[in-house]
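Colleague: got a predicted structure plus its sequence, pasted below:
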Amino acid sequence: MIPKEIRRTMRIREGDPLEIYTDREGEVIFKKYSPIGELAGFAAQYAETLHKTCSMSVIICDRDAVIACAGVPRKEYADKPFSDELERIIESRSLYVWREGSPRITAVEEGSTHCISCAMPILAEGDLIGCVASLAPADRAPGEGMDPDLESKLVITAAGFLGRQLEA
């Protein structure tokens, strides 16, 4: 059994898959297994394509951190743990779209210059794997410059496609 404090720090939930290694000195190393991490290169290409073709700022997360981003400062997002609010969106298993008058939600815990405009959890075989989110600069209204229905469809498509890649 892994101590509670370590589970909390590493965001390990009951049933989360772990990789267990030993190093040359015989120390045991626990690493959370990320199925979408196997697709990190592919996810990065997908995010980059959405950014280039649609001018969307996009992040793609596994269950712990941002694994790919495009259209936002890489230093601010890459490998950063996401916010508690984004965790709630992922846990909801449904599409989130920012609406006028709603509070702004940042994607990562600290240092974020962008807010979530639209987010869709990634599901593979019924399991929560991560999330695709479009972002808007914090000083602009989310969805400004893009049709919200189109933005939602693009995010839903990206999440669905990545989920199916993991099922294959």
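Modeller: Cool, the structure landed.

Colleague: list the residues that contact the one residue sitting closest to the centre of the chain.
Modeller: Central residue check for the chain by CA atoms, centre = their mean: the C-alpha nearest the mean position is that of C61, 2.1 Å away. C61 is in contact with I67, F82, L86, I90, G130, C131, V132, A133, counting by CB atoms under 8 Å, 6 or more residues apart in numbering. Quick note: C-beta positions are derived from backbone N, CA and C, even for glycine.

Colleague: again, only using 7 Å
Modeller: Going by CB atoms under 7 Å, 6 or more residues apart in numbering, C61 touches I67, F82, G130, C131.

Colleague: quick check: nearest residue in space to S94, chain neighbours excluded?
Modeller: What sits nearest to S94 in space, not counting adjacent residues and going by CB to CB, 6 or more residues apart in numbering, is P121, at 7.3 Å.

Colleague: surely that neighbour meets R88?
Modeller: No. When contacts are counted by CB atoms under 7 Å, P121 is not listed as touching R88 (10.7 Å).

Colleague: the more surrounded of those two?
Modeller: Under the criterion of other CB atoms under 10 Å, the comparison of P121 against R88 puts P121 first, with 22 against 11.

Colleague: hang on, A47 is in a helix, isn't it?
Modeller: Yes. If the criterion is DSSP: H, G, I helix; E, B strand; the rest coil, then A47 is within a helix.

Colleague: domain assignment for the protein?
Modeller: Each domain of the chain is listed here as a residue range: 1-33, 35-167, per automatic domain parsing.

Colleague: now tabulate these in CSV and tack on mean pLDDT.
Modeller: Below are these laid out as CSV (pLDDT from 0 to 100):
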stretch, mean pLDDT
domain 1-33, 72
domain 35-167, 88
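
Colleague: hey, which of the ones you listed is tucked in deepest?
Modeller: Highest mean neighbour count among those (mean count of other CB atoms under 10 Å): domain 35-167, with a mean of 18.

Colleague: now do that domain: distance to the chain's middle.
Modeller: A distance of 5 Å separates the centroid of the chain from that of domain 35-167, by CA atoms, centre = their mean, to the nearest Å.

Colleague: and the residue lying closest to P73 once chain neighbours are set aside, what is it in contact with?
Modeller: Closest residue to P73 apart from its sequence neighbours, by CB to CB, 6+ apart: T113 at 6.9 Å. Applying CB under 7 Å, 6+ apart, we find T113 in contact with P73, E76, P137, A138.

Colleague: so who does the third one touch?
Modeller: Listed by CB under 7 Å, 6+ apart, the contact partners of P137 are T113, H114.
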